[in-house]
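> only the shape, not the letters, is given here:
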């Protein structure tokens, strides 16, 4: 008996966590330093790697 979609549901949690960390890492690459909470908003950081922020927003 095989239930379809189970793997996708099981992967959602870890994928969401990885996407948050990838946004944080993309901020590091774009800014040249680790993003500071309440100062470096991901929406305002420019750079190629900030597409990870959009991916995280889609997954939420």
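Thanks, I have it. Not measured: the values here are computed from a predicted model. Residues are numbered from 1 along each chain as shown.

> from residue 55, how far off is residue 32?
Counting by CB to CB, to the nearest Å, the gap from residue 32 to residue 55 is 22 Å. C-beta: built from backbone N, CA, C; applies to glycine.

> ok, the two, which is more surrounded?
Set residue 32 next to residue 55 and count neighbours by other CB atoms under 10 Å: residue 55 wins out with 13 against 7.

> which residues sit in contact with the more buried one?
By CB atoms under 8 Å, 6 or more residues apart in numbering, the contact set of residue 55 is 19, 22.

> now with 7 Å?
Shown in contact with residue 55 (CB atoms under 7 Å, 6 or more residues apart in numbering): residue 19.

> which element, helix or strand, includes it?
Per DSSP states H and E: residue 55 is located in helix 51-59.

> again with residue 25
Short version, using DSSP H and E: residue 25 is in helix 6-31.

> identify each buried residue in the least confident helix or strand in the chain by mean pLDDT, please.
Ranking every helix and strand in the chain by mean pLDDT, DSSP states H and E puts helix 51-59 at the bottom, with a mean of 81. Neighbour counts over helix 51-59 (16 or more other CB atoms under 10 Å) mark 52, 53, 56 as buried.

> distance of the first one relative to residue 27?
Just to be clear, that refers to residue 52. Here residue 52 is placed at a distance of 9 Å from residue 27 (CB to CB).

> next: residue 39.
11 Å.

> more neighbours: these two, which one.
residue 27 (23 against 7).

> can you tell me the closest non-neighbouring residue to the residue sitting nearest the centre point of the chain?
Most central in the chain under CA atoms, centre = their mean is residue 19, positioned 2.7 Å from the mean C-alpha point. Excluding its sequence neighbours, the residue lying closest to residue 19 (CB to CB, 6 or more residues apart in numbering) is residue 56, at 4.3 Å.

> same deal with residue 42?
Spatially, and ignoring its direct neighbours in sequence, residue 42 is nearest to residue 53 (4.5 Å; CB to CB, 6+ apart).

> in contact with the one you found, which residues?
Going by CB under 7 Å, 6+ apart, the list of residues near residue 53 reads 23, 42, 43.
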